[in-house]
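Asker: what's the 3D shape of this:
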Amino acid sequence: MKIILLQTGKTSEKYINEGVSSYAGRLQKYSDFEINSLPEIRHTKNMPVNEQKEKEGDQIMGFLKKEDYAVALDEKGREFTTLELSGKTEKILMLGKKRLVFIIGGPFGISEKVLARADLILSLSRLTFSHQVVRLLFMEQLYRVFTVIRGEPYHHE
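Answerer: Numbering: from 1, shown residues only. As a prediction, this is how the structure comes out:
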């Protein structure tokens with residue numbers, strides 16, 4: 001199964017980019033993995049937040065295929081422990097889908113239409129993080145999930 005991290009916009013912080021790239025390289029050991037960055041919405045200075053989210057949502061919906069298993073990262077989503085997320089991911093991988101797409105929205109979150117389309121809505125924490133920091137935190141967790149699935153010693157519990 002191809003695993004995709006779909007994100008809105010580019011990562012502007014160098015340290016986040018380096019961390020995300022490091023984990024992306026590590027994930028290649030376990031799966032066909034790629035990061036797709038959708039273009040940022042332009043001319044947003046006077047655009048209402050809901051309109052920005054809707055435009056980003058349209059881009060995301062345009063990327064998703066009907067047969068994808070979509071996981072939206074949202075602060076109101078379901079929280080898992082690392083071991084629970086590993087088990088859930090392992091079950092998803094056995095579904096026989098071609099693509100597992102993890103979605104990180106822009107600075108204002110993910111549109112309602114994308115949340116409605118998602119097969120799973122996942123929260124990394126009840127704390128609030130910037131969408132760019134979420135990229136790095138999620139990548140570390142995804143790597144950790146695969147090491148747990150493979151029985152490797154990265155995760156300590």
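Asker: what ranges do the strands span in this structure?
Answerer: Taking DSSP state E, the strands of the chain run over residues 2-8, 32-38, 69-79, 99-104, 120-123.
Asker: for the protein, longest helix please?
Answerer: Assignment by DSSP state H gives helix 131-149 as the longest helix of the chain.
Asker: which other helices and strands contact that helix?
Answerer: Where contact means 3 or more Cβ pairs under 8 Å, 6 or more residues apart in numbering; DSSP states H and E, helix 131-149 is packed against strand 2-8, helix 14-27, helix 82-93, strand 99-104. For the C-beta atoms, the positions are set from N, CA and C on the backbone; glycine is no exception.
Asker: Out of those, which gets nearest to His156?
Answerer: Closest of those to His156 is helix 82-93, at 10.2 Å (criterion: Cβ to Cβ).
Asker: Can you tell me what sits against that closest one?
Answerer: Helix 82-93 is contacted from outside by 1, 69, 71, 80, 100, 120, 122, 141, 144-146, 148-149, 155, 157, using Cβ atoms under 8 Å, 6 or more residues apart in numbering.
Asker: just those residues: which has the poorest pLDDT?
Answerer: By pLDDT, Glu157 ranks lowest within the contacts of helix 82-93, coming in at 74.
Asker: OK, contacts around the residue nearest the centre of the chain?
Answerer: Centroid-nearest residue in the chain: Phe102, 3.4 Å away (criterion: Cα atoms, centre = their mean). Phe102 makes contacts with 3-6, 71, 73, 122, 138, 142, as judged by Cβ under 8 Å, 6+ apart.
Asker: I am finished for the moment; much appreciated.
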